[in-house]
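**Student:** I would like to see how this sequence folds:
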Amino acid sequence: MSSTKTSSKVVVLDRKKSELITLDASQIYHMPQTDASNDRARHPILCERFHPAHPSGCMKGDACNRVHAVVRGCPRKPIHINWAWRQVEECQYERYPSGDVVKVREPVSAKSDIVDAVDSGYIIKTRCVFDDVNRPPTHCAHFYYGRECHLSANCDF
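**Tutor:** Got it, this is the predicted structure:
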């Protein structure tokens, strides 16, 4: 979990997995053990059953694999994470309507000749402009290679 802790701060994913929340370590009731080999364990996730007013709401207690913490007033930052969804409908990020095919360049280089033909229904809405001839749509390198884009909907790719 070294990538999520800095001094006494801990970064966790919200229950919807759409925001990173920065917590002070003193706000955490329970922090699960993480498996460093599990790529999905990059950021611990908040428990959907825990509430500080009713700590017994999570029946698993200390055996829970989610974080129990007070998050009110904590800084939040939107994030897009490249999960492996079984179906596109499971993606919780806002997407374009399906039906159009968009040619999207690989993030290696803006001048790359490698292009993916992607159904528009698979494309997450960002600030990318599709009709700019000087800058064709390109995959976000952070989302594509690192599996996370911390710019979220403000990404230009």
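**Student:** pull the helix or strand with minimum mean pLDDT from this protein.
**Tutor:** strand 5-6 (a mean of 47; mean pLDDT, DSSP states H and E).
**Student:** Please pull up the helix or strand immediately following it.
**Tutor:** Downstream of strand 5-6, the first helix or strand assigned by DSSP states H and E is strand 9-13.
**Student:** Could you pull out the buried residues of that following strand?
**Tutor:** Val10, Val11, Val12, Leu13 (16 or more other Cβ atoms under 10 Å). Just so you know, the C-beta spots here come from the backbone N, C-alpha and C atoms, and that holds for glycine as well.
**Student:** For this structure, just list every one of the strands.
**Tutor:** Assigned by DSSP state E, the strands in the chain fall at 5-6, 9-13, 19-24, 28-30, 68-69, 76-78, 80-81, 101-105, 115-119, 148-149.
**Student:** quick one: Ile114 and Lys103 touch, right?
**Tutor:** No: if you go by Cβ atoms under 8 Å, Ile114 and Lys103 don't touch, sitting 10.6 Å apart.
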